[in-house]
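> Generate a structure from the sequence data that follows.
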Amino acid sequence: MFSGFMPNSMANTDNSYTSFMTQTFAELFRCYPITMMNDRIRKDDANFGGKIFLPPSALNKLSMLSIKYPMLFELTVNETGKITHAGVLEFTAEEGRAYLPSWMLESLGVNPGALITIRSTELPQGQFVKLEPQSVDFLDISDPKAVLENALRHFSTLTVGDVVEISYNNKYYKIKILDVKPDSGSQSICVVETDLVTDFAPPVGYVEPDYKAMQAEKEAEQNKAKKTADQFDPSIVGQGSMSTRINYSGIVTAGSEKDTHFLGGGQKLSGKKATKKDPVDTKNIVINLDGEPVRLDLPEGQLFFGFPIITPNLDPSDENEEDQEDHFQGQGQSLRKASKRKTGKDHTSSKPKAPRSPEVIEID
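So this is what the prediction gives:
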């Protein structure tokens with residue numbers, strides 16, 4: 001299967017020798033999924049990668065050969081001829097056995113315990129890979145490239161046609177390898193210590209949305225909402241379920257029919273006379289914020305969002321009139337009266353006045 005020493009026939013009397021023959025490692029192993037490994041050496045996270053477990057004897061044989069790092073292997077099913085590639089994670093498997101990720105066994109189309117030839121190989125450094133998620137759930141990932149970059153750390157190779165499996169946020173995603181570059185006869189690349197450009201194909205089952213239809217539907221909804229806002233209040237015409245439940249129409253009607261106890265006249269701060277509004281016609285009522293607000297008593301645990309929001313419109317003419325006119329023309333009086341000082345003096349003070357100190361002192 002492999003040769004590790006140079007035979008004597010290859011040497012001559014001039015101490016020159018012929019180069020070694022190509023040294024490869026190739027053996028048959030019974031392959032099982034990683035989930036069937038011994039609990040003491042099993043690593044469940046290795047099931048979502050591209051590396052396998054080999055026995056310690058394989059490490060001894062590989063150490064005698066000129067195998068380049070990283071150690072890459074070609075897995076071949078002799079019955080069907082299917083081929084995939086993988087790296088090695090540990091040499092802790094039982095003799096004669098090899099443990100593979102579950103997705104790798106599915107790609108090869110074999111059952112646990114099948115005989116597979118594992119042969120050492122060399123692959124070019126990858127430059128490009130095109131992937132196809134096998135489910136639209138992959139679109140739920142906010143940053144798929146970052147997730148994939150972290151997942152590829154558990155892979156040594158990527159082979160066209162394989163459907164690899166990764167784990168993220170306690171969910172499993174299957175991704176098919178559609179294309180790799182550079183092109184080679186093995187249709188596989190090495191992804192260890194390389195800058196890899198990644199491209200995604202639409203996931204399986206993904207349907208491109210009709211953006212024109214969505215835009216038309218959105219405009220239709222906006223027009224419908226605008227048309228509804230211009231009509232009567234839904235509580236009056238009987239279209240609001242919440243308004244019907246709390247009898248909002250009756251509350252508004254009762255508030256408008258109440259007699260006012262204030263019979264006097266009013267006057268605005270601007271000086272204009274306030275006019276009394278006409279009675280509200282409940283048949284053609286339009287709910288807005290211009291009228292007097294009515295108390296809305298609701299049972300405990302109920303909310304009502306039926307009042308429209310209308311921002312007040314300020315009349316600039318009223319503001320100008322208020323600024324120009326002086327509305328207060330009376331006299332004011334302080335609550336505390338100041339004592340008046342007497343201007344006349346009845347007697348002359350006997351004390352001489354002290355000279356007033358100068359504000360500025362000059363020193364020569």
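> in the lengthiest helix in the chain, what's buried?
In the chain, taking DSSP state H as the definition, the longest helix is helix 211-230. Within helix 211-230, no residue is scored as buried using 16 or more other Cβ atoms under 10 Å. Every C-beta, even on glycine, is put in place using the N, C-alpha and C of the backbone.
> Quick one: list the elements packing against that helix.
Contacts defined by 3 or more Cβ pairs under 8 Å, 6 or more residues apart in numbering; DSSP states H and E place helix 211-230 against no helix or strand at all.
> Return the alpha-carbon coordinates of that helix using PDB.
These are the backbone C-alpha positions of helix 211-230, laid out as PDB (Å, rounded to 0.1, in the frame of the first residue of the first chain):
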ATOM      1  CA  TYR A 211     -42.300  43.700  -5.600                       C
ATOM      2  CA  LYS A 212     -44.600  45.400  -8.000                       C
ATOM      3  CA  ALA A 213     -47.700  43.600  -6.700                       C
ATOM      4  CA  MET A 214     -46.600  44.400  -3.100                       C
ATOM      5  CA  GLN A 215     -46.200  48.100  -3.900                       C
ATOM      6  CA  ALA A 216     -49.600  48.200  -5.600                       C
ATOM      7  CA  GLU A 217     -51.200  46.500  -2.600                       C
ATOM      8  CA  LYS A 218     -49.500  49.000  -0.200                       C
ATOM      9  CA  GLU A 219     -50.800  51.900  -2.300                       C
ATOM     10  CA  ALA A 220     -54.300  50.400  -2.300                       C
ATOM     11  CA  GLU A 221     -54.300  50.100   1.500                       C
ATOM     12  CA  GLN A 222     -53.100  53.700   1.900                       C
ATOM     13  CA  ASN A 223     -55.900  55.000  -0.400                       C
ATOM     14  CA  LYS A 224     -58.500  52.900   1.400                       C
ATOM     15  CA  ALA A 225     -57.300  54.300   4.800                       C
ATOM     16  CA  LYS A 226     -57.400  57.800   3.500                       C
ATOM     17  CA  LYS A 227     -60.900  57.400   2.100                       C
ATOM     18  CA  THR A 228     -62.100  55.900   5.400                       C
ATOM     19  CA  ALA A 229     -60.600  58.900   7.300                       C
ATOM     20  CA  ASP A 230     -62.600  61.300   5.200                       C
END
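> now it: mean pLDDT?
Average pLDDT, helix 211-230: 77.
> can you tell me which residues contact the closest residue to residue 161 other than its chain neighbours?
Closest residue to residue 161 apart from its sequence neighbours, by Cβ to Cβ, 6 or more residues apart in numbering: residue 177 at 6.5 Å. Neighbour list for residue 177: 129, 130, 131, 158, 159, 160, 161, 162, 163, 164 [criterion: Cβ atoms under 8 Å, 6 or more residues apart in numbering].
> ok, of these, which come out buried?
Applying 16+ other Cβ under 10 Å to the contacts of residue 177 flags 129, 130, 131, 158, 159, 160, 162, 164 as buried.
> Show me where this protein dips below the pLDDT cut-off.
1-22, 227-267, 270-294, 306-330, 332, 334, 336-364 (pLDDT under 70).
> Kindly format the C-alpha coordinates of the longest strand seen in it as CSV.
The residue-count maximum for a strand in the chain (DSSP state E) belongs to strand 171-181. Output of strand 171-181 as CSV, limited to C-alpha atoms (Å, rounded to 0.1, in the frame of the first residue of the first chain):
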residue,chain,number,x,y,z
LYS,A,171,-30.6,24.8,14.7
TYR,A,172,-29.1,22.6,11.9
TYR,A,173,-28.7,23.9,8.3
LYS,A,174,-27.8,21.8,5.3
ILE,A,175,-25.8,23.5,2.5
LYS,A,176,-24.9,22.1,-0.8
ILE,A,177,-21.6,22.8,-2.5
LEU,A,178,-22.4,23.9,-6.1
ASP,A,179,-19.0,25.1,-7.4
VAL,A,180,-15.4,25.6,-6.3
LYS,A,181,-12.4,27.3,-7.7
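> which secondary structure elements does the helix or strand following it contact?
Where DSSP states H and E defines the elements, the next helix or strand beyond strand 171-181 is strand 188-190. The helices and strands touching strand 188-190, judged by 3+ Cβ pairs under 8 Å, 6+ apart, are strand 157-159, strand 171-181.
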